[in-house]
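> Give me the fold of what follows.
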Amino acid sequence: MPTRSLHFENRRGRRLAARLDLPEGGTAHATAVLAHCFTCGKDLKGLVRLSRTLVAHGFAVMRLDFTGLGESEGEFAEAGLGGDADDLEDAAHYLEQEIAAPSLLIGHSLGGLAALLVAPRLTSLDGLVTIGTPSDPRHVKGLLGSDLDAGAEDGRVEAVIAGRTFRLPQAFLDEVDQRTPADCLLDLHVPVMILHAVTDEVVAIEHAERLFKAAKHPKSFVSLGTAGHLLPREADARYAGHVIGGWAAGLRGARGDEDGIAPPDGRPAQGARLPERATRATTRQGYATQGYAGGFPLRLDEPEDVGGTDTGPSPSALLRLALAGCTAITVRMYADRKAWPLEAIQVDVTSESKRAQGTTRSRFERRIRLDGDLDEEQRARLIDIAGRCPVHRTLEGEVSVDTSEA
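Residues are numbered from 1 along each chain as shown. Here you go, the predicted model:
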């Protein structure tokens, strides 16, 4: 995944740092700005993984360090939440000059509050996403402790946040008493998605409920289950990215431009369906590969531990999926013809390959779950039918591959 380092000045003359994550080949459907949590930064591991997943959905994603954090100049919280919102607006304008104005704004935790504040001012937005965001900025005071007024000097208050000591302007603490995210949502006229973990240990799930009630339709709520507040588990961060990417694709589709932005050299945009029903794979840098199966777009990659960027399934995983999917479809077709009460089919496939004496031998293990009021004879028949799927027969038959240069 190509990543560019960016620097630009905000309206207060501070030099801000950001990173722009791009799809392979530089082609993107749309752009997004990702705002991090309180005292975090653009390189927070959970948000990097989320960004990579959005890139796999065709987005160019800007990750920004707010004033005074990470590699950005200035003093943390020097202009309060309003200053963070201004930073986001300045970032959006810079992104518009570099590529295209952002169509998606994503805010995590307190970054979600800044996103709520600035969203009504960004006319390019198609959607707003909050992740683990408090519904009341005064919640921040609870995280800072109860003795905030002690030791105040020159209008500043010392606070310990995540083990780090910060001197916060008193104006920042006064400001969080005045901000009302609900009012921002009332002024917002784009779709909103709210993601929140049920067991969030920093911002309770009740905050998501209040934000959802305040938002206008169309609005969506997605549970992140037992994910940690900072999305430390890779699976949780990638799940959030896939959910947001799919939702955003629906917004583009409703607008009639789901095929994205075509590059100048005439190649199809990443994620766009090919006009011909071709099976094709194109790799430009690294292992990440833009694939098409029957004209439909797919993303292929390899895990990070073998040098990939883990933005899609490996080719071997797709081979296993082909067997699993073919099995499920074949069983469904047979059950439908027989009018049997089969409700659902789940097929799990694993494989292993060993090479000995110049020959590779592969073994696939397939486990099939049949849901429905089926008798034992019907179940046995469906398991037998599973072995007749075309992919199964191909794998068991003689296979040859002829290769030539195009």
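
> What is the burial count for residue 62?
26 (other C-beta atoms under 10 Å). Yep, even glycine has a C-beta here, placed from its N, CA and C like the rest.

> and it, which of the three is it?
Here residue 62 is recorded as strand under DSSP: H, G, I helix; E, B strand; the rest coil.

> how close does it get to residue 18?
Distance, residue 62 to residue 18, using C-beta to C-beta, to the nearest Å: 5 Å.

> buried stuff in stretch 344-357?
For stretch 344-357, the neighbour count (16 or more other C-beta atoms under 10 Å) marks 345, 347, 349 as buried.

> which element is the second one on?
So the one you mean is residue 347. Assessed by DSSP states H and E, residue 347 sits inside strand 342-356.

> pLDDT of that strand, averaged?
Strand 342-356 shows a mean pLDDT of 94.

> In CSV, please show the C-alpha coordinates belonging to the helix or strand that comes right after it.
Later in the chain than strand 342-356, the nearest helix or strand by DSSP H and E is strand 359-372. Extracted in CSV, the C-alpha atoms of strand 359-372 (Å, rounded to 0.1, in the frame of the first residue of the first chain):
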residue,chain,number,x,y,z
THR,A,359,5.3,-34.0,-7.1
THR,A,360,3.0,-31.7,-5.1
ARG,A,361,0.2,-33.5,-3.3
SER,A,362,-2.6,-31.4,-1.9
ARG,A,363,-5.3,-32.4,0.5
PHE,A,364,-8.5,-30.5,1.1
GLU,A,365,-10.7,-31.0,4.1
ARG,A,366,-14.3,-29.9,3.8
ARG,A,367,-16.8,-29.6,6.7
ILE,A,368,-20.4,-29.0,5.8
ARG,A,369,-23.1,-27.7,8.1
LEU,A,370,-26.7,-28.2,7.0
ASP,A,371,-29.4,-26.2,8.9
GLY,A,372,-33.0,-27.2,8.5
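
> Outside of the helix or strand just after strand 359-372 itself, which residues are in contact with it?
Using DSSP H and E, the helix or strand that follows strand 359-372 in sequence is helix 376-386. Outside helix 376-386, the residues within contact range by C-beta atoms under 8 Å, 6 or more residues apart in numbering are 327, 330-331, 334-335, 338, 340, 342, 347, 366, 368, 370, 374, 392.

> Pull out the buried residues from whichever helix or strand comes after helix 376-386.
Counting by DSSP H and E, the element after helix 376-386 in chain order, helix or strand, is helix 390-396. For helix 390-396, the neighbour count (16+ other C-beta under 10 Å) marks 391-392, 395 as buried.

> Just list the residues touching residue 341, thanks.
Residue 341 neighbours (C-beta under 8 Å, 6+ apart): 372-374.

> on that earlier part again, what touches both of residue 62 and residue 18?
Contact criterion C-beta under 8 Å, 6+ apart; residues bridging residue 62 and residue 18 by contacting each: 6, 91.

> Quick check, residue 349 in contact with residue 322.
No. Contact criterion C-beta atoms under 8 Å: residue 349 and residue 322 do not qualify, at 9.0 Å.

> what angle separates the longest helix anywhere in the chain from strand 342-356?
Longest helix of the chain, by residue count under DSSP state H: helix 315-338. Put simply, helix 315-338 runs at 140 degrees to strand 342-356, going by axes from the mean of the first three to the mean of the last three C-alpha atoms, to 10 degrees.

> returning to that earlier point: now the contacts of helix 376-386 as a markdown table including distance to residue 107?
Shown next, in a markdown table, are the contacts of helix 376-386 (distance: C-beta to C-beta, whole Å):
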| residue | distance to residue 107 |
| --- | --- |
| 327 | 42 |
| 330 | 45 |
| 331 | 44 |
| 334 | 49 |
| 335 | 46 |
| 338 | 52 |
| 340 | 49 |
| 342 | 44 |
| 347 | 39 |
| 366 | 43 |
| 368 | 43 |
| 370 | 44 |
| 374 | 48 |
| 392 | 47 |
